[in-house]
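# predicted model and sequence below, questions to follow.
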Amino acid sequence: MRIVLLGAPGSGKGTQAKLLVEKYKIPQISTGDLLRAAVSAGTELGRRAKAAMDAGQLVSDDIVLGMIQDRLSQPDAKNGFILDGFPRSNPQAQALDSLLARLGQPLQLALLVDVDSSELMKRLTGRRTCEKCGQMYNVYFSPPKVSGVCDKCGGKLMQRSDDNEETIGKRLKVYEEQTAPLISYYRMQNKLRKVAGVGSMQDIFRSITNLIEQHIHPLSALKPAATPPAPSASKPRLVAQNKAAPQPAAGLATGGRVALATSAGEAAKKAAAKKKAAAKKKAAPKKAAAKKAAPKKKAAVKKKAAPKAAAKKKVAAKKKAAPKAVVKKKVAVKKKTVAKKKGTAKKAATKKAIRKGARSRR
């Protein structure tokens, strides 16, 4: 089961992703988490991402896609995955489709958790978190019993610095301008399904699982998917950042947003050319072997046909010679008959002459 979760900040898609992970036993892949883990581990991609963030630049899509490929090669992702936080634009979605196609793991469903903007503003500006135990509250929907105090541990409730109306308004605007067009992109692929993100958490989750069971065959959702080919040592070559695309207001270092960086059309074209060259290279030895074997095959056929040809020739010669032999035989018989008649006549003439001579002597 391979899903991408869509939804504005505060839509609750992260919460639903965790419930899906628990139910279907597949990993949630968050690009923010991947970046933090890679930077912490000091991997090559992590070092590149850290360098970009330290310079106040946006982390490019080739880095993010490389991290996604690494993550998908791990054993727990062989049955599927849930992508959260990526893609955020149509160019990113096209680049992701190209990557997943190469890995043999195309997306099956794009799930949109839909929430009205006024509702989102309350959810985000009303969030409060306990500084001791991390318990979360919302002053509008799930307030603590005592304002500013955690019900569990009595710790102080804090509001994130970016959970204010100005910052939230900018984030929602970026979402509408750049991420909302993904709805049309996945709708064109007939992969988009929408669920209302209002009501109780369990009601929303029930609606989501119903959509999954309806639009992804239950067997394919629960059975292990085909094991993807092992990634090569070198990362897939991805094109440079698309400067014509609109850029988010902040990079992943501050706001968790990824830059637009790839041109999927060019990447797909290069991949197709590479595939064609590989197929041609693969076919070359077979073609050479066939060419080499052709003379031997021709000689074998000729050798096999030779006795038959000789036999046919002998039969034809015999057949051709038969009429001549008959004619010769007839001529011989006729000559013999003529000779015999001539001999008989000569003998009779001799006898007659002898008798005539005898009479004259008397």
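Done, it's in.

# quick one: mean pLDDT over the helix or strand hosting Lys291.
Per DSSP states H and E, Lys291 falls inside helix 264-361. For helix 264-361, mean pLDDT rounds to 71.

# which other helices and strands contact that helix?
helix 90-103 (3 or more Cβ pairs under 8 Å, 6 or more residues apart in numbering; DSSP states H and E). Bear in mind the C-beta positions are built from the backbone N, C-alpha and C, glycine included.

# show me what the helix it packs on packs onto, helices and strands only.
Using 3+ Cβ pairs under 8 Å, 6+ apart, helix 90-103 sits against helix 61-72, helix 181-188, helix 264-361.

# just name the most buried of these.
helix 61-72 (a mean of 23; mean count of other Cβ atoms under 10 Å).

# tell me what that helix is packed against?
Looks like helix 61-72 contacts strand 28-30, helix 31-41, helix 44-54, strand 81-84, helix 90-103 (3+ Cβ pairs under 8 Å, 6+ apart).

# state the mean pLDDT of it.
Averaged across helix 61-72, the pLDDT comes to 92.

# relative orientation of that helix and helix 90-103 in degrees?
Relative orientation of helix 61-72 versus helix 90-103 (axes from the mean of the first three to the mean of the last three Cα atoms, to 10 degrees): 40 degrees.

# re earlier: redo the helices and strands packed on helix 90-103 as a markdown table? Include distance to Gln202.
Formatted as a markdown table, those follow (distance: least, Cβ to Cβ, whole Å):
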| stretch | distance to Gln202 |
| --- | --- |
| helix 61-72 | 29 |
| helix 181-188 | 25 |
| helix 264-361 | 38 |
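
# out of those helices, which is closest to Ala93?
helix 181-188 (5.3 Å; Cβ to Cβ).

# quick check: neighbours of the following helix or strand past the closest one in the sheet, parallel or antiparallel?
Downstream of helix 181-188, the first helix or strand assigned by DSSP H and E is strand 192-196. Counting by DSSP bridges, the strands paired with strand 192-196 are strand 109-114 (parallel).

# need the CA coordinates for the helix or strand following the partner strand. PDB is fine.
Using DSSP H and E, the helix or strand that follows strand 109-114 in sequence is helix 117-125. This file holds the C-alpha atoms of helix 117-125, laid out as PDB (Å, rounded to 0.1, in the frame of the first residue of the first chain):
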ATOM      1  CA  SER A 117      -9.100  27.700   6.400                       C
ATOM      2  CA  SER A 118     -10.900  29.300   9.400                       C
ATOM      3  CA  GLU A 119     -10.900  26.000  11.200                       C
ATOM      4  CA  LEU A 120      -7.200  25.600  10.400                       C
ATOM      5  CA  MET A 121      -6.400  29.000  11.900                       C
ATOM      6  CA  LYS A 122      -8.100  28.100  15.200                       C
ATOM      7  CA  ARG A 123      -6.300  24.700  15.300                       C
ATOM      8  CA  LEU A 124      -2.900  26.200  14.800                       C
ATOM      9  CA  THR A 125      -3.100  29.400  16.800                       C
END
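
# chain center to helix 117-125: distance?
On the basis of Cα atoms, centre = their mean, to the nearest Å, helix 117-125 sits 40 Å off its chain's mean C-alpha point.

# correct me, but Asn138 touches Leu124?
No: using Cβ atoms under 8 Å, Asn138 makes no contact with Leu124, being 9.2 Å away.

# of the two, who's got more company?
Leu124 (22 against 16; other Cβ atoms under 10 Å).

# the more buried one contacts Glu166, correct?
No: look at Leu124 against Glu166 with Cβ under 8 Å: they stay out of range, at 11.6 Å.

# just the pLDDT for Ala38.
Among the per-residue scores, Ala38 holds a pLDDT of 90.

# residue contacts, the spatially closest residue to it that is not a sequence neighbour?
Distances taken as Cβ to Cβ, 6 or more residues apart in numbering place Gly46 nearest to Ala38, at 3.3 Å, with adjacent residues excluded. Contacts for Gly46 (Cβ atoms under 8 Å, 6 or more residues apart in numbering) come out as Leu35, Ala37, Ala38, Val39, Ser40.

# change it to 10 Å
Neighbouring residues of Gly46 by Cβ atoms under 10 Å, 6 or more residues apart in numbering: Leu34, Leu35, Arg36, Ala37, Ala38, Val39, Ser40, Ile63, Met67.
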